[in-house]
Every structure is written in structure tokens, then in C-alpha cells.
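Chemist: Next comes the sequence, and after it the predicted model I'd like to discuss.
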Amino acid sequence: MKLRLNLMIGTGMVMFVFITMHLANLAIGLVSVQAMEDWRWTLSGVWSTFLPLKILLQVSLVVHFLIALVSLYMRNTLKVPAYDMAQMAAGVLIIPLLGTHVFGVMALRELGLVPTYPILLNNFWVVSPVNGLQQVVMLVVAWIHGAIGVYTWLQSRDGSVHAMKFFYPFVVALPILAMLGYVEAGRQIIPVEEGELGFVVEDDPNADRPPVDPEMVPVVVKRSKERTKMATRISLGLVAAVMAARWLRLHRRRRERVQVTYSGNRSVTFQAETGLTLLEMVRENNIPHANICRGRGRCGTCRVRVLSDDAALGPPGQLEAKVLARWHAGPDERLACQLKPLEGKLVVERVIEADYSNLDYTETKTDSDLPAGAV
């Protein structure tokens, strides 16, 4: 699980940097299309022309998507916070939306053209505005998915309050500036006869290339559309297959009941099926519970103190033990997102209130304070 978590974070960060650089390149459109083109290789083109980055991005996209499918399969409930649902939906849509752009750029290269911003903007604003709108939607969806992921990762780390002071304005301002730059670039690229400026790029890298064979254009365009359809069908087909496999797994699960009692503030008793984590149980029953990292076993805010139990509780795993050690938790404390009580009765109390009112990160230890083997 730790490997899967690290791969998810690492590949997600690679793609977040990728989309950040693309949005920054679009934002430069507020200056001019020429400025966008001047910065194209540094901010965008480097990902497709510099082989190590190209391989890193491709591997990250595939691995991140596959890990997301595994995580979806392992979910015991889809009753999750709204931002988790938004992130899942965005993750499912990224590949179908990204396909048009990726295979479109490939088509330009097959025709012997460099995918410059004047060519792309002309296609998005003049030739196919619908395609341009799809690219905007793709950027928004990808940004939402990545921003929620980074937000979750930052919140579960020490010093998150200071980091959020920079992250909040950044995550809001960059896409707004990018969209404004995209609109301004479109105003510059639309021909003069249609009421706009009509832009001509300096030192056009396509100027000295052989003219495009007109007979090849429809062939390459058709091939690009077929590739996009295939990528969409494969990605959505995999999601559907995982959902079916998940339903089968849950349907065949051994169904036993556990009675859980929360004492202290907001005391409540409820029945739940075994096989779920304690956090999933309270979500199923609409019971408020602190969980900054939303059940990923990173933050420790879902800690509970076990007061009594006759339901078998397995020992903490490596990930849970590490987080508990960081909070120097007592031997009776567990993470609700990792604890899976079996049949019987369980009485617990929240260590941190559901509204985070008694949250204090100064209680955590540094890595140097952790016991051997906890990392």
C-alpha cells in the first residue's frame, strides 16, 4: 500500500507540474502570441521533445491511471466527500479529453509540421471552435484533479498552514490567467477580415519546411480521430470493468455486523457491515469525523481511542504505525481510516473533534524521533 501511495503521489506531481507549465504558457498570451511561441519549448515543448521528460510523462500518466483504477476497485464505499467525487470524476475524464489534443499534435508532426501556437490557436479559434472549447474543458478538469490531489497531500503534512497561504492564491490565479491569455491569444489570431488582429509569427519554424501534401491531410486527420476514439473506449472500458469487478467483490463479501459506539461529544451507536474501515462506516451512517487526508492514512486526524472491544482488531500496519508514531499516540489509539473491526462490539472516542477544533500539529514528532522501522 505504501508503494502504491508513493507512486500515486509521485506520478500525480509529475502531471501537476506538466499542466502548471502549460497553463503558464497560456497565461503569457496576455502579452502576445509571439511571447507564447517564444516560451513554447521551455514551458510546453520540452515535454514532447526532451526524451527523458517525454517518457517520464507518458509513464506517469499510465501508472497514475492504473493506480487510480486499483484504488477504485479497493473502495468499499462510494459515499465520499464531494471533492473526492469531483477528483474521481475528473480522473476518469482526463484521458478521453486529453486524447484529442495528444493525437492532434501527433497528426501535425506526421504532416511534417511543428505544433506552434499560431497553428494550434488557429485550429481552436478559427477552424474548429468546438475543439477549442474541448481543450478548455480538458485543462479545467485536469487542473481540478491535480489541485485536489496536491491540496490533500499538503494538508496532511507539517507546516501545511504556511504552505496553504501560497497554494490557495496560486491554484485560483493560474487557471484564470491562463484562460484570459487564451482568449487574448484568440483575439490576436482571428483574421483581420473577421474583425480581429490577424497574427503572423516571427521566425516561423514551419516556413522552411516542405508544403503539406493535401492528399495526406484527410488521411492523417481520420487516423487521429480513430486513435482518440480508441483511447476513449479503452479508458472508459477499463473504468466500467473495474466497477463491475468491485461490485462482484463486495457482493461476495462475507456479511457480518459490528456494533460501534462513539462516546464523548456527539455520542452515537450504530450497526455496520464488517469489511469496511471505521471511517467508511461513519461515512455510511452520515456521522461527522475528522479526516483531512480523506482516509488515505497520511494525516492522523481520524485517530480514535479504543475504550473497549470484543470485536477482533488487527495490529496497525506499517503506514498506520508510522502516522501514530508521528503523533506519539497512546497504545489504545488507532486510525479510523485503517482500522477494520470484525464482528462484535466496539466502543471508541474521537481524539480530534470532527471540526478540527482541537487539532495541534505541534504534537507531531519529526522523522528523527520516529522509532526504528516506522518510516
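Modeler: Thanks, I have the structure now.

Chemist: For the stretch 151-300 of the chain, give me the ranges with low pLDDT.
Modeler: For the stretch 151-300 of the chain, applying pLDDT under 70 flags the ranges 156, 158-160, 191-200.

Chemist: As a check, name the ranges of all strands in it.
Modeler: Per DSSP state E, counting those that start in this stretch, the stretch 151-300 of the chain carries strands over the ranges 257-263, 268-273.

Chemist: what sits up against the first one?
Modeler: What that stands for is strand 257-263. 267-274, 278, 281-282, 287, 307, 311, 341-350 (CB atoms under 8 Å, 6 or more residues apart in numbering). Heads up, the C-betas are built off the backbone N, CA and C, glycines and all.

Chemist: Could you point out the longest helix of this structure?
Modeler: helix 216-251 (DSSP state H).

Chemist: Just the buried ones out of the contacts of strand 257-263, please.
Modeler: For those, a burial check counting by 16 or more other CB atoms under 10 Å picks out 272-274, 278, 281-282, 311, 341, 344, 346-348, 350.

Chemist: In a markdown table, list these along with distance to Trp47.
Modeler: Listed next are the buried ones among the contacts of strand 257-263 as a markdown table, based on distance: CB to CB, whole Å:
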| residue | distance to Trp47 |
| --- | --- |
| Ala272 | 46 |
| Glu273 | 46 |
| Thr274 | 46 |
| Leu278 | 42 |
| Met281 | 43 |
| Val282 | 42 |
| Ala311 | 51 |
| Pro341 | 47 |
| Gly344 | 54 |
| Leu346 | 50 |
| Val347 | 53 |
| Val348 | 48 |
| Arg350 | 45 |
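
Chemist: out of those residues, which are inside helices?
Modeler: Leu278, Met281, Val282.

Chemist: Pretty sure Gly330 sits against Val306.
Modeler: No: assessed by CB atoms under 8 Å, Gly330 is found out of contact with Val306, at 9.7 Å.

Chemist: okay, these two: which has more neighbours?
Modeler: Val306 (19 against 11; other CB atoms under 10 Å).

Chemist: Now do stretch 18-36: distance from first to last residue.
Modeler: 16 Å (CA to CA, to the nearest Å).

Chemist: and it, which residues are buried?
Modeler: Using 16+ other CB under 10 Å as the test for burial, stretch 18-36 gives 18-20, 22-30, 32-36.

Chemist: returning to that earlier point: let's have the strands of the stretch 151-300 of the chain in TSV, adding distance to Cys337.
Modeler: Conversion of these to TSV gives the following (distance: least, CB to CB, whole Å):
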stretch	distance to Cys337
strand 257-263	14
strand 268-273	15
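
Chemist: Of all those, which one is nearest Pro115?
Modeler: strand 268-273 (52.5 Å; CB to CB).

Chemist: other SSEs contacting the closest one?
Modeler: Counting contacts by 3 or more CB pairs under 8 Å, 6 or more residues apart in numbering; DSSP states H and E, strand 268-273 packs against strand 257-263, helix 278-284.

Chemist: got a list of contacts for it?
Modeler: Here strand 268-273 makes contact (CB under 8 Å, 6+ apart) with 253, 255-262, 281, 284-285, 287.

Chemist: Please convert these to TSV, extending it with distance to Leu78.
Modeler: Shown next, in TSV, are the contacts of strand 268-273 (distance: CB to CB, whole Å):
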residue	distance to Leu78
Arg253	15
Arg255	18
Glu256	21
Arg257	21
Val258	21
Gln259	24
Val260	20
Thr261	26
Tyr262	23
Met281	14
Glu284	10
Asn285	15
Ile287	17
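
Chemist: Show me how the chain divides into domains.
Modeler: Domains of the chain are assigned by automatic domain parsing as 2-249, 257-369.

Chemist: Quick one: end-to-end length of the first one, please.
Modeler: Using CA to CA, the gap from the first to the last residue of domain 2-249 comes to 22 Å.

Chemist: what about Ala329, is that helix, strand or coil?
Modeler: Assigned by DSSP: H, G, I helix; E, B strand; the rest coil, the conformation of Ala329 is coil.

Chemist: Name the nearest residue to it, ignoring sequence neighbours.
Modeler: The spatial neighbour of Ala329 that comes closest, neighbours along the chain excluded (CB to CB, 6 or more residues apart in numbering), is Arg303 at 6.2 Å.

Chemist: In TSV, list the helices and strands packed on strand 268-273 along with distance to Val59.
Modeler: Listed next are the helices and strands packed on strand 268-273 as TSV, based on distance: least, CB to CB, whole Å:
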stretch	distance to Val59
strand 257-263	41
helix 278-284	31
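
Chemist: looking at those, which is buried most?
Modeler: Mean neighbours per residue, mean count of other CB atoms under 10 Å, is largest over the helices and strands packed on strand 268-273 for helix 278-284, with a mean of 22.

Chemist: by contact count, what packs against it?
Modeler: Short answer (3+ CB pairs under 8 Å, 6+ apart): helix 278-284 packs on strand 257-263, strand 268-273.

Chemist: Could you say which one of the ones you listed comes nearest to Val62?
Modeler: strand 268-273 (34.4 Å).

Chemist: and that closest one, which strands flank it?
Modeler: Strand 268-273 sits in its sheet next to strand 257-263 (antiparallel), going by DSSP bridges.

Chemist: Convert the C-alpha atoms of the partner strand to PDB, please.
Modeler: Output in PDB follows, covering the C-alpha atoms of strand 257-263 (Å, rounded to 0.1, in the frame of the first residue of the first chain):
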ATOM      1  CA  ARG A 257     -22.300  -7.000  11.700                       C
ATOM      2  CA  VAL A 258     -20.400  -4.900  14.200                       C
ATOM      3  CA  GLN A 259     -21.900  -2.500  16.700                       C
ATOM      4  CA  VAL A 260     -19.900   0.700  17.000                       C
ATOM      5  CA  THR A 261     -20.400   3.200  19.800                       C
ATOM      6  CA  TYR A 262     -18.800   6.700  19.800                       C
ATOM      7  CA  SER A 263     -18.600   8.100  23.300                       C
END
